[in-house]
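Q: Below are the sequence and a predicted model; questions follow.
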Amino acid sequence: MASQTLTIRRPDDWHVHLRDGEMLLTVAPYSSRQFARAIVMPNLVPPVTTPEAAAAYRERIIAATGPGFTPLMTCYLTDEADPDEIARGQSDGVWIAAKLYPAGATTNSVSGVTDIRNIYPALQRMQDIGMVLCVHGEVTDPEIDVFDREAVFIDRVLEPLLRDMPELRVVFEHITTAEAVQFVEASGANVAATVTPHHLVINRNAMFQGGLRPHAYCLPVAKREKHRLAVRKAATSGSPKFFLGTDSAPHAREAKESACGCAGIFNAPYALESYADVFEAEAALDHFEAFASEHGPRFYRLPLNEGTITLERTQTVVPNEAAGLVPFHAGETLRWKLRD
């Protein structure tokens with residue numbers, strides 16, 4: 001008989017959007033309940049581009065979550081990124097990584113980088129000091145099919161970048177394609193990837209089942225089934241190159257269900273339950289702790305968390321709403337439940 005509980009070292013989320021203001025107060029407790037630490041994305045309005053702005057945002061997050069949760073801050077890279085400022089923020093312990101958003105690639109990315117060569121001086125400094133570059137890996141050329149943007153980004157941007165800076169430490173965020181899996185697996189130990197729960201569970205059909213499904217729309221968009229299976233195989237393989245990053249990205253219902261709905265899936269309330277379902281289905285529960293709790297901190301050169309969390313094997317019905325937002329798996333039943 002299968003075990004009825006699963007206890008693992010307390011996990012971390014290596015990619016999350018906590019927003020700000022009232023939305024921060026609403027969503028941050030869901031992440032702090034599940035995770036000990038989280039890398040917080042800097043795409044606020046205005047974006048988090050200075051150590052001072054990052055430190056202030058960190059204090060707002062701590063106020064929203066209470067003790068026991070550590071937000072790990074990131075620098076939003078722009079075309080004017082200052083190598084000295086980036087190094088200062090890292091040496092002062094304010095931020096742990098810098099985030100590359102190609103301009104126009106996703107929510108609040110209008111201030112992002114228009115050409116990777118514009119930030120080569122900053123990236124060279126990051127390579128020199130061992131600072132991690134988190135990458136939203138999509139080109140934004142309107143002539144490129146939206147479903148091909150990740151694969152083209154690898155060819156046009158990532159491969160040339162790592163030829164020029166072979167020691168740069170890179171996390172390829174929220175990978176969605178077989179090409180991304182192959183790229184990460186073929187790269188050196190300085191390249192890793194985060195994987196979301198939704199890209200393990202849905203393919204692109206989810207956006208069109210019985211009509212347009214805005215709550216299944218995210219960026220990068222879900223791809224064909226063959227890509228979902230490739231990402232799922234990589235995440236559950238036990239490889240240290242792949243680790244947990246929810247990319248939980250909340251939007252108000254009216255912002256999702258509109259004539260031009262926002263991209264993002266709010267998965268924070270049941271993220272661990274969703275991942276556990278996938279690992280169990282792949283007969284890979286023995287790899288779950290490493291994926292959730294070990295690979296990420298080791299790549300970021302941080303200590304593993306103390307303490308544990310326990311998941312119980314019991315049916316969990318995901319509500320249609322969580323604090324007025326629509327969560328991932330709304331109305332579905334999961335096989336695991338995080339014990340309070």
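A: Sure, I can see it.
Q: all helices for the stretch 51-200 of the chain, in order.
A: With DSSP state H, counting those that start in this stretch as the criterion, the stretch 51-200 of the chain has helices at 51-65, 83-91, 120-129, 149-153, 159-164, 178-186, 197-201.
Q: Could you save those as TSV and add columns showing mean pLDDT and distance to residue 29?
A: Yep, even glycine has a C-beta here, placed from its N, CA and C like the rest. Output for the helices of the stretch 51-200 of the chain, formatted as TSV (pLDDT from 0 to 100; distance: least, Cβ to Cβ, whole Å):
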stretch	mean pLDDT	distance to residue 29
helix 51-65	98	6
helix 83-91	98	27
helix 120-129	98	32
helix 149-153	97	32
helix 159-164	98	37
helix 178-186	98	32
helix 197-201	98	19
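Q: What is the three-state secondary structure of residue 334?
A: strand (DSSP: H, G, I helix; E, B strand; the rest coil).
Q: Could you list the low-confidence segments of the stretch 151-300 of the chain?
A: Along the stretch 151-300 of the chain, no part satisfies pLDDT under 70.
Q: Please enumerate the strands of it.
A: 169-172, 191-195, 242-244 (DSSP state E, counting those that start in this stretch).
Q: just the stretch 1-150 of the chain next, same as before
A: 5-9, 13-16, 37-40, 70-76, 95-100, 132-135.
Q: Let me have those in a markdown table, extended by distance to residue 203.
A: Below are the strands of the stretch 1-150 of the chain laid out as a markdown table (distance: least, Cβ to Cβ, whole Å):
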| stretch | distance to residue 203 |
| --- | --- |
| strand 5-9 | 26 |
| strand 13-16 | 20 |
| strand 37-40 | 26 |
| strand 70-76 | 29 |
| strand 95-100 | 26 |
| strand 132-135 | 23 |
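Q: Of those, which is nearest residue 262?
A: Closest approach to residue 262 among the strands of the stretch 1-150 of the chain (Cβ to Cβ): strand 13-16, 16.3 Å.
Q: which helices and strands sit right next to that closest one?
A: helix 21-34, strand 37-40, strand 242-244 (3 or more Cβ pairs under 8 Å, 6 or more residues apart in numbering; DSSP states H and E).
Q: mind putting the helices of the stretch 51-200 of the chain in CSV, mean neighbour count included?
A: Compiled in CSV, the helices of the stretch 51-200 of the chain are given as follows (neighbours: other Cβ atoms under 10 Å):
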stretch, mean neighbour count
helix 51-65, 17
helix 83-91, 17
helix 120-129, 18
helix 149-153, 23
helix 159-164, 14
helix 178-186, 19
helix 197-201, 24
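Q: of those, which approaches residue 104 most closely?
A: Per Cβ to Cβ, nearest to residue 104 of the helices of the stretch 51-200 of the chain: helix 149-153, 11.1 Å.
Q: And the helices and strands packed on strand 13-16: which comes nearest residue 332?
A: Nearest of these (Cβ to Cβ): helix 21-34, 17.1 Å.
Q: now stretch 119-133, how far from the chain's geometric center?
A: Relative to its chain's centre, stretch 119-133 lies at 21 Å (Cα atoms, centre = their mean, to the nearest Å).
Q: so residue 314 is in which element?
A: Using DSSP states H and E, residue 314 sits in strand 308-317.
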